[in-house]
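*Asks:* from the sequence below, what's the structure:
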Amino acid sequence: MEPGNVNNVLLVCLEKNVTKQALATAAPPISSPSSAPGSLAQRLEEAFLSVRNETERRAAPLSPEDQQIQSMPDASPAKWHRAHTTWFWEQFLLGEHCPGYQPFHPDFAFLFNSYYVSAGPRHARGQRGDITRPGAAEVGAYRNHVDAAVVKFFREAGETRLCEIAPLVEVGLNHEQQHQELMFTDILHAFAQNPVAPAYDPEWRFPAATRTGDDWLSLNEGIHTVGHVDDSFHFDNEKPAHRALVGPVKLARNLVTNAEWLAFMRDGGYRTATLWLMDGFAAARKEDWQAPGHWREADGQWQVMTLAGLKPIDPDAAVCHISFYEADAYARWAGKHLPTEMEWEVAARTKQLNDAFGIVWQWTRSSYSPYPGYRAVEGALGEYNGKFMVNQLVLRGSSLATPEGHSRISYRNFFYPHHRWQFTGLRLADYA
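*Replies:* Numbers count the residues shown, from 1 in each chain. Coordinates of the predicted model:
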């Protein structure tokens with residue numbers, strides 16, 4: 001990756017990642033940059049602080065008690081997300097590139113490492129909610145300590161050194177943005193377990209879906225390039241770019257809506273075994289799925305738990321919080337199928353898919369596996385994606401919780417087929 005390309009992406013990150021509201025409500029505890037305007041040091045510092053502030057902006061409405069809860073093993077406490085993203089900078093930037101740096105606390109590496117075996121032992125994932133100490137305030141002090149040390153490093157390292165570590169900084173920025181999304185999905189899952197249905201933000205609204213009259217985008221049979229095609233930022237699982245045969249196939253321009261999903265439910269979709277993969281129907285019966293995640297029925301009316309609390313189902317909104325199993329069953333019920341990730345990417349490059357980004361991640365029927373010629377990067381960061389390439393399915397696009405500037409056409413998200421606490425939906429595909 002050329003430093004020039006890294007710098008350009010850092011500028012995009014700076015311009016798009018943080019809203020004006022975020023900048024107004026989450027001012028950094030660091031003084032204005034001392035570096036020359038436009039220098040690499042200044043770009044790194046400003047991009048770093050804006051991403052770090054966005055994490056704190058998302059955590060700001062949460063009480064210390066809210067930040068402590070872990071509602072299931074797949075989710076993590078908001079306090080843990082704040083600390084883990086800080087540990088990432090301390091471990092991989094300060095610990096490896098800043099001579100003389102002293103960790104904030106000797107126990108934090110054990111408490112807040114996630115799954116980096118090469119970086120040392122770690123606390124069990126399903127027990128993160130048991131960590132009552134350090135408290136939310138001490139995690140805030142940890143973040144301030146590391147932020148100050150990183151900024152000091154940027155200001156003193158020199159242009160040559162900064163060029164060397166700029167790709168690592170960009171990985172750290174994108175890593176933190178991923179956890180910003182998880183902070184929303186994890187606290188929503190926790191609030192959904194609360195019988196009084198608390199609101200994260202009473203003013204929050206689910207994004208409106210786009211609908212067009214022409215329902216289908218046709219792709220003729222052809223050889224297409226799939227994957228990330230240049231040296232701008234990407235995760236290693238998006239490369240190498242390669243050629244793939246796609247089509248003939250049609251993709252729905254529109255996302256499946258709640259109204260369409262309600263029709264599936266009324267027609268016995270959750271009870272009809274022939275619509276489901278065997279493992280999917282077993283999961284649906286075991287978990288008693290009768291509707292998408294976070295839906296509740298009261299007095300014959302369906303409601304959904306949102307970041308604004310419990311709200312009536314909007315029939316025109318994109319259906320959300322569904323597993324791959326549910327998406328696949330719905331597609332069978334509709335006489336269609338889910339697109340492959342290659343079909344989705346080729347279609348998205350035409351810019352003719354409505355709401356490809358910004359509402360729900362869209363399930364594909366592609367297994368999460370390496371692209372031809374894939375090699376994980378060396379060292380602990382090589383554990384970031386490659387070791388998860390089994391038993392999971394790829395989702396494409398982005399969601400309402402994805403930070404601005406974080407999504408791209410080649411992005412490969414992945415979850416297990418039973419997962420549905422994320423903002424996940426679907427669009428259909430059909431043979432042309």
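*Asks:* quick check: next helix or strand after the lowest-mean-pLDDT helix or strand in the chain?
*Replies:* Counting by mean pLDDT, DSSP states H and E, the chain has its least confident helix or strand at helix 20-25, which shows a mean of 29. Next helix or strand after helix 20-25 toward the C-terminus (DSSP states H and E): helix 40-59.
*Asks:* what distance separates that following helix from the centre of its chain?
*Replies:* 18 Å (CA atoms, centre = their mean, to the nearest Å).
*Asks:* and it, what does it pack against?
*Replies:* helix 3-16, helix 20-25, helix 78-89, helix 136-157, helix 159-192 (3 or more CB pairs under 8 Å, 6 or more residues apart in numbering; DSSP states H and E). Just so you know, the C-beta spots here come from the backbone N, C-alpha and C atoms, and that holds for glycine as well.
*Asks:* do a quick rundown of the strands in the stretch 301-432 of the chain.
*Replies:* For the stretch 301-432 of the chain, the strands defined by DSSP state E, counting those that start in this stretch cover 301-306, 309-312, 361-367, 393-396, 413-415, 424-425, 429-431.
*Asks:* that older thread, what's the most buried one of the helices and strands packed on helix 40-59?
*Replies:* Counting by mean count of other CB atoms under 10 Å, helix 78-89 has the highest mean neighbour count of the helices and strands packed on helix 40-59, with a mean of 25.
*Asks:* which parts of stretch 202-219 are buried?
*Replies:* For stretch 202-219, the neighbour count (16 or more other CB atoms under 10 Å) marks 206, 209, 217, 219 as buried.
*Asks:* tell me which of those is nearest to Phe324?
*Replies:* The closest of the buried residues of stretch 202-219 to Phe324 turns out to be Ala209 (CB to CB; 20.6 Å).
*Asks:* one step back: how about CSV for the strands of the stretch 301-432 of the chain, with mean neighbour count added?
*Replies:* Converted to CSV, those look like this (neighbours: other CB atoms under 10 Å):
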stretch, mean neighbour count
strand 301-306, 18
strand 309-312, 15
strand 361-367, 24
strand 393-396, 26
strand 413-415, 22
strand 424-425, 28
strand 429-431, 16
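*Asks:* how about a markdown table for those, with mean pLDDT added?
*Replies:* Shown next, in a markdown table, are those (pLDDT from 0 to 100):
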| stretch | mean pLDDT |
| --- | --- |
| strand 301-306 | 97 |
| strand 309-312 | 97 |
| strand 361-367 | 98 |
| strand 393-396 | 98 |
| strand 413-415 | 97 |
| strand 424-425 | 98 |
| strand 429-431 | 96 |
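*Asks:* got TSV for those strands, with distance to Glu326 too?
*Replies:* Listed next are the strands of the stretch 301-432 of the chain as TSV, based on distance: least, CB to CB, whole Å:
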stretch	distance to Glu326
strand 301-306	15
strand 309-312	20
strand 361-367	9
strand 393-396	12
strand 413-415	13
strand 424-425	9
strand 429-431	16
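*Asks:* among those, which is nearest Gly247?
*Replies:* Checking the strands of the stretch 301-432 of the chain against Gly247 by CB to CB gives strand 429-431 as the closest, at 9.6 Å.
*Asks:* what's next to the closest one, contact-wise?
*Replies:* Residues outside strand 429-431 that contact it (CB atoms under 8 Å, 6 or more residues apart in numbering) are 216, 248-252, 331, 335-340, 343.
*Asks:* and Pro61, what element?
*Replies:* Pro61 belongs to no helix or strand when assigned by DSSP H and E.
*Asks:* quick check: it vs Phe191, distance?
*Replies:* Counting by CB to CB, to the nearest Å, the gap from Pro61 to Phe191 is 11 Å.
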